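Whatever this is, show me its structure:
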Amino acid sequence: MKSEHVPSFLRRRRFVPAFLALLLLVLSACSPSPPSGLSRDAGGSGGEPRVLDVHYLDVGQADSILVQLPGGENVLIDGGNAADGENVVDYLKKSGVRSLTAVVATHPHEDHIGGLPAVLAALPVKECYLPRRAAATRTYERLLAALKEKRVVVKEARAGAVVQLEEPAVKAQFLGPVRTDYDDLNDVSAVLKVTYGRTAFLFTGDAGEVAEQDLVARGGLKADVLKVGHHGSASATSTAFLRAVRPALAVISVGRRNDYGHPSPSTLRRLGREKVKVLRTDQQGTIVLLSDGNRVWEEGIKSAADR
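Numbers count the residues shown, from 1 in each chain. Presented below is the predicted three-dimensional model:
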């Protein structure tokens, strides 16, 4: 296939040829998929629910987040490790997910995309958003093959791009990656801001301090809830970034007694100095936050992040 047929966001001189060919097959096979998820039950009232739910799944030293919109659409951000795939699928189904409007694969590391092929095999997915960086790994190859097999529409995750939702009350916009030439693949992470009414959630993948500097310069970061970057690593969640986001709550997705020492004590100190309440999956398991468009609270607790 001639190079001019390659979508511009996938043209990179350093691409491994086999992966370029597979990416082209994925994109050439794209076609519209089944409609997005049906409305969730509204407490037996028969009307549409008014609450947005965000589930930070306990997938150990990995990331997977389910966002359930008030009108019933579902968005999945990352899918944990390959070994987490079936558990993620089970959780989605138990949460009433019948299909996914969008899947966001924040960056091509196994602990973020490894479980996504299992999700794609189990549920209809309308679109998948990927940053413009590939990885020469079997894990990434399996994701591309699954996208091709299921004929999922693939779009670039980049600053300014918007996830196409049917729910008019919710906006999901990518703030990053601002650029794609970072030395560290973590910094190419898709950074997504989901806004519902007066409330906002920021999801940062594994973006570190270098990417955070570009995000701060670009602006628009303010959010009630921050998904802490890179599992609480010392190389992310800088003071400048925290002061730009100004979150009331921060969620750290991290494994119990992990080998990396995450979350870093320095990161926890920075969060403490900015008076941010911290929730951790290694201590609480799966964390569910809710928003009615005016305030955010933890499931079962009605006193958090009232803006």
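
so the most centrally placed residue in the chain bridges to which residues?
With distances taken as Cα atoms, centre = their mean, residue 77 lies nearest the centre of the chain, 2.9 Å away. Beta-bridge partners recorded for residue 77 (DSSP bridges): residue 65, residue 104.

Per-residue pLDDT of it, please?
Note for residue 77: predicted pLDDT of 98.

Contact partners for it?
63, 64, 65, 66, 67, 103, 104, 106, 192, 203 (Cβ atoms under 8 Å, 6 or more residues apart in numbering). (Each C-beta comes from the backbone N, C-alpha and C, glycine too.)

Give me the neighbour count for residue 188.
As a burial measure, residue 188 scores 26 neighbours (other Cβ atoms under 10 Å).

ignore the last one, residue 245
Residue 245: 24 neighbours (other Cβ under 10 Å).

Was I right to think it contacts residue 200?
No: contact criterion Cβ atoms under 8 Å: residue 245 and residue 200 do not qualify, at 9.3 Å.

what is in contact with those two at once?
222, 223.

Once you drop chain neighbours, what's closest to residue 184?
residue 208 (6.3 Å; Cβ to Cβ, 6 or more residues apart in numbering).

From residue 107, how far out is that neighbour?
Shown here: residue 208 relative to residue 107, a distance of 11 Å by Cβ to Cβ, to the nearest Å.

need the contact list for residue 264.
232, 233, 234.

Of those, which is the nearest to residue 156?
Using Cβ to Cβ, residue 233 is the member of the contacts of residue 264 that lies nearest residue 156, at 25.7 Å.

Next, count neighbours for that closest one.
Using other Cβ under 10 Å: residue 233 sits among 22 other residues.

Show me where the stretch 51-200 of the chain has its strands.
Secondary structure of the stretch 51-200 of the chain (DSSP state E, counting those that start in this stretch): strands located at 52-56, 65-68, 74-77, 100-104, 125-130, 153-156, 170-176, 191-196, 199-203.

Who are the packing partners of the longest one?
With contacts taken as 3 or more Cβ pairs under 8 Å, 6 or more residues apart in numbering; DSSP states H and E, strand 170-176 sits against strand 191-196, helix 209-218.

What mean pLDDT does that strand get?
pLDDT averaged over strand 170-176 gives 98.

Likewise for the fifth one?
Strand 125-130 shows a mean pLDDT of 98.

same deal with the second one?
Confidence over strand 65-68, taken as the mean pLDDT, stands at 98.

Tell me where the model's unsure across this protein.
Along the chain, the model assigns pLDDT under 70 to residues 1-49, 300-307.

For residue 283, grab the count of nearby residues.
12.

Which neighbouring elements make contact with the strand or helix carrying it?
Taking DSSP states H and E as the definition, residue 283 sits inside helix 281-284. Contact here means 3+ Cβ pairs under 8 Å, 6+ apart; on that basis helix 281-284 packs against strand 249-252.

Which strands and helices lie in contact with the strand it packs on?
strand 225-227, strand 277-280, helix 281-284, strand 287-291.

how about the ones you listed in a markdown table, adding distance to residue 174?
Shown next, in a markdown table, are those (distance: least, Cβ to Cβ, whole Å):
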| stretch | distance to residue 174 |
| --- | --- |
| strand 225-227 | 14 |
| strand 277-280 | 24 |
| helix 281-284 | 24 |
| strand 287-291 | 20 |
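
Pick the most buried one from the ones you listed.
strand 225-227 (a mean of 26; mean count of other Cβ atoms under 10 Å).

Deepest in the core, which of the helices and strands packed on strand 170-176 is it.
With a mean of 24, the top stretch among the helices and strands packed on strand 170-176 by mean neighbour count (mean count of other Cβ under 10 Å) is strand 191-196.
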